[in-house]
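Compute the structure for the input listed below.
(one chain, ligands or ions: 2)
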Amino acid sequence: MENPFPTLVRCEELGLTPDTTGKVREIFDLGDELLLVTTDRISAYDVIMDQPVPGRGALLTQMTLAWYEHFGDSLRHHLVHADAEGLPEPFRSHADRLRGRVMLVRKARRYDIEAVVRGYLAGSGYLDYQRSGELCGHRLPQGLQLCAKLPRPIFTPATKAEEGHDENIDAEAARRIVGDEAFEAIESLSLKLYEDAVEYARGRGIIIADTKFEFGVIDGRLTLIDEMLTPDSSRYWDAERYEPGREQDSMDKQLLRNHLSSLDWDKTPPPPRLDEEILERTAQAYVAIFRRLFPERARECGY
Ligand SMILES: Nc1ncnc2c1ncn2[C@@H]1O[C@H](COP(=O)(O)OP(=O)(O)OP(=O)(O)O)[C@@H](O)[C@H]1O
Ligand SMILES: [Mg+2]
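Ligands and ions are numbered 1, 2, ... in the order given. I've put the predicted structure just below:
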């Protein structure tokens, strides 16, 4: 498939040096605003692959924008615009390469917790439950299987670790970090957003098993920041294949993970060289998710 947005691995390719570089995103500090550039890099088992998944960063950005739009005015978020042509120099000169993958956002005073909501028991949630029968202070029914659906979605905040893995924390610890008032607002808004998204995705055959939001304060008000409900911040499962009691295939990264497990690679850097075919099929998986969730917007984007 022809990619509507050109691939980009590093902004350095354009002679642009970001102020912060994450695994996937590069950030430019423009004073009151930030420019978020989502590259086509992909990580698996916390190792960044040497080769990009063409168009992945644009897909993640377009999905975030589609979710912002889905919630409309009911959601206060950080986006100013996502128009590469409308960026200040020196970015505007590179609009053809930045197209589709940029978001100019208002800088927030960030709340330093990951606002995680879980509707199913996967990943670290399942591990904590197995150890203690609890998850972030929520007492759960006994005998829940791996990936079981929870009686109702629960808010399970985590720390934002600078390095290593985020750690699940209970409400008391989260309240200490953000304050009582913010905690309650973040918890109820996170649950509301998750429940609405789950309902929407269910109608399209996708289970959003869990997701992570980030929030901050802009103009004195609670505001959603960062990406929203992408397969990087959420577990997307194909509803038709869902079966509790085992690990579920994630709709986006499973091809790559399966491929990597078939290689003789110990999951530490350097990453193995990947076939073009795997990268292309992985790119297609993102397109497929986007088309399923937001068919109209996908068409408008040229997918
Ligand atoms: N409007 C905003 N104001 C302030 N910070 C923001 C805003 N939007 C996003 N951020 C921050 O920008 C960063 C996005 O970068 P990125 O996702 O690459 O880093 P990360 O989440 O720390 O790492 P990774 O996603 O690779 O695990 C996050 O730290 C996020 O909290
Ligand atoms: Mg991130």
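
what helices or strands is the lengthiest helix in the chain leaning on?
Among the segments of the chain that qualify as a helix by DSSP state H, the longest is helix 180-202. Helix 180-202 is packed against helix 56-71, strand 113-120, strand 149-155, helix 171-178, strand 206-218, strand 221-225, with contacts defined by 3 or more Cβ pairs under 8 Å, 6 or more residues apart in numbering; DSSP states H and E. The C-beta positions use only the backbone N, C-alpha and C, and glycine is treated the same way.

and of the ones you listed, who's closest to ligand 1?
Smallest distance to ligand 1 across these (Cβ to the nearest ligand atom): 3.7 Å, for strand 221-225.

What residues sit buried inside the closest one?
For strand 221-225, a neighbour-count test (16 or more other Cβ atoms under 10 Å) marks Leu222, Thr223, Leu224, Ile225 as buried.

Does anything pack onto that strand? Which helices or strands?
helix 180-202, strand 206-218.

returning to what we had before: could the buried residues of strand 221-225 be laid out in TSV, adding distance to Glu181 and pLDDT?
Shown next, in TSV, are the buried residues of strand 221-225 (distance: Cβ to Cβ, whole Å; pLDDT from 0 to 100):
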residue	distance to Glu181	pLDDT
Leu222	10	98
Thr223	15	98
Leu224	17	98
Ile225	18	98
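
and ligand 1, which of these reach it?
Among the buried residues of strand 221-225, the ones lying near ligand 1 by Cβ under 6 Å from any ligand atom are Ile225.

circling back to that earlier point, quick one: which of the helices and strands packed on helix 180-202 is nearest Glu2?
Comparing the helices and strands packed on helix 180-202 by their distance to Glu2 (Cβ to Cβ), the top pick is helix 56-71, with 12.9 Å.

count of neighbours near the residue of the chain found nearest ligand 1?
Residue nearest to ligand 1 within the chain (Cβ to the nearest ligand atom): Gly22, separated by 2.1 Å. Neighbours of Gly22 under the rule other Cβ atoms under 10 Å: 14.

Equivalent analysis for Ser43, please.
Ser43: 15 neighbours (other Cβ under 10 Å).

cool, and Ile186?
23.

wait, doesn't Phe183 sit right on Arg176?
No - between Phe183 and Arg176 there is no contact under Cβ atoms under 8 Å: 9.1 Å.

So for the two, which residue has more residues nearby?
Higher neighbour count among Phe183 and Arg176: Phe183, with 21 against 11, using other Cβ under 10 Å.

how near is that one to Glu247?
Distance from Phe183 to Glu247, counting by Cβ to Cβ, to the nearest Å: 32 Å.

Let me know the pLDDT of Glu172.
pLDDT, Glu172: 98.

before we move on, what about Lys253?
So Lys253 comes in at 92 (pLDDT).

In the stretch 201-303 of the chain, where is pLDDT below threshold?
For the stretch 201-303 of the chain, applying pLDDT under 70 flags no range at all.

Up against ligand 1, what does it have?
Glu214, Gly216, Ile225, Asp226.

farthest-separated two in those residues?
Of all pairs drawn from these, the one with the longest distance (Cβ to Cβ) is Gly216 and Asp226, at 8.7 Å.

Overlap of the contact sets of the two?
Both Gly216 and Asp226 are contacted by His78, under the criterion Cβ atoms under 8 Å, 6 or more residues apart in numbering.

what number of residues lie near the residue nearest to Lys160 when sequence neighbours are not counted?
In space, and not counting its chain neighbours, Lys160 is closest to Asp112: 5.1 Å by Cβ to Cβ, 6 or more residues apart in numbering. Around Asp112 there are 11 other residues, counting by other Cβ under 10 Å.

pLDDT score assigned to Asp112?
As predicted, Asp112 sits at a pLDDT of 97.

what's it in contact with, if anything?
Shown in contact with Asp112 (Cβ under 8 Å, 6+ apart): Thr159, Lys160, Ile177, Val178.

So the last one sits against Ala115, correct?
No - with the criterion set as Cβ under 8 Å, Val178 and Ala115 do not qualify as a contacting pair; they are 9.4 Å apart.
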